[in-house]
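**Q** this is the structure alone, sequence omitted:
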């Protein structure tokens, strides 16, 4: 398949409304098109423009596939595939992911939780880094993320192509699946509060677009989530902000632990692969 055709297919998949459904069967034609150009799923996120980093990024150089640590929740395998705008896999790109636990708390920060006293500043759960393989893929073992006030369910990620070329975005999940887990499964349903934000009224999810939703498949013992990330060779992250409202931090927020000015740490690029 020519580069022009590959670019057309990638763009068409990214613009398809099936991406926002996230769960269930894709049309056979979409699966066939994705497979023909070497993609792991028809769900494609063309990350232009990027969305906010948010206030909870920490560059800990945590090279590892399993980021779960002691966090309780539904196991999830997160697969990401980094490709160019011409749908060529990008090898040796650095992919960082981080997200909250089932109760809406991030590692690395104090003054969290509904009572504002939880301190995780000395912990690094649900954070990790992988380098993409020859086919552009990375795989993380984690749990299905929870929620916190003002945000829908999401996972943050960064992709570094080199020390200066990087992008930042977020992965979103089907509301129907999230709602089922949050109402029916421990520890997600241990919380008295009800979530106030869904995909439809989260402005960051709206900004990211339908291509930012993971394709989710139920397996016997875990959920399989996959997303293709198409990047431009000249992608450069802009300084992130600490927005309020739908982009704000969990209740309590950070209290001095970790970077809070929204700056990127691209100077520290390639962590040890051992």
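**A** Good, I have the coordinates. Treat the numbers as computed from the prediction; the structure is a model and nothing was measured.
**Q** quick one: low-confidence parts of the stretch 51-200 of the chain?
**A** For the stretch 51-200 of the chain, the stretches flagged by pLDDT under 70 are 51-60, 114-115, 164-165.
**Q** helices along that one, start to end?
**A** Using DSSP state H, counting those that start in this stretch, the helices found in the stretch 51-200 of the chain span residues 175-184.
**Q** strands of that one, start to end?
**A** Ranges of strands in the stretch 51-200 of the chain, per DSSP state E, counting those that start in this stretch, are 75-84, 94-98, 127-131, 137-143, 154-160, 166-172.
**Q** out of those, which gets nearest to residue 216?
**A** Residue 216 lies closest to strand 75-84 among the strands of the stretch 51-200 of the chain, at 8.5 Å (CB to CB). C-beta here means a position set from N, CA and C on the backbone, and glycine is covered the same way.
**Q** contacts for that closest one next, please.
**A** 10, 39-41, 68, 89-90, 93, 95, 97, 132, 135-144, 155, 157, 159, 171, 214, 219, 221-233 (CB atoms under 8 Å, 6 or more residues apart in numbering).
**Q** if you count neighbours, what's buried in it?
**A** Judged by neighbour count (16 or more other CB atoms under 10 Å), strand 75-84 contains these buried residues: 76-84.
**Q** stretch 148-158 too?
**A** For stretch 148-158, a neighbour-count test (16+ other CB under 10 Å) marks 148, 150-158 as buried.
**Q** next one: stretch 88-104
**A** 89-90, 93-104.
**Q** may I see those arranged in a markdown table, with distance to residue 110 as well?
**A** Shown next, in a markdown table, are these (distance: CB to CB, whole Å):
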| residue | distance to residue 110 |
| --- | --- |
| 89 | 40 |
| 90 | 36 |
| 93 | 32 |
| 94 | 28 |
| 95 | 27 |
| 96 | 22 |
| 97 | 22 |
| 98 | 17 |
| 99 | 18 |
| 100 | 15 |
| 101 | 15 |
| 102 | 19 |
| 103 | 15 |
| 104 | 15 |
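**Q** pick out the most distant pair among the buried residues of stretch 148-158.
**A** By the measure CB to CB, those have their two most distant members at 150 and 158, which lie 21.6 Å apart.
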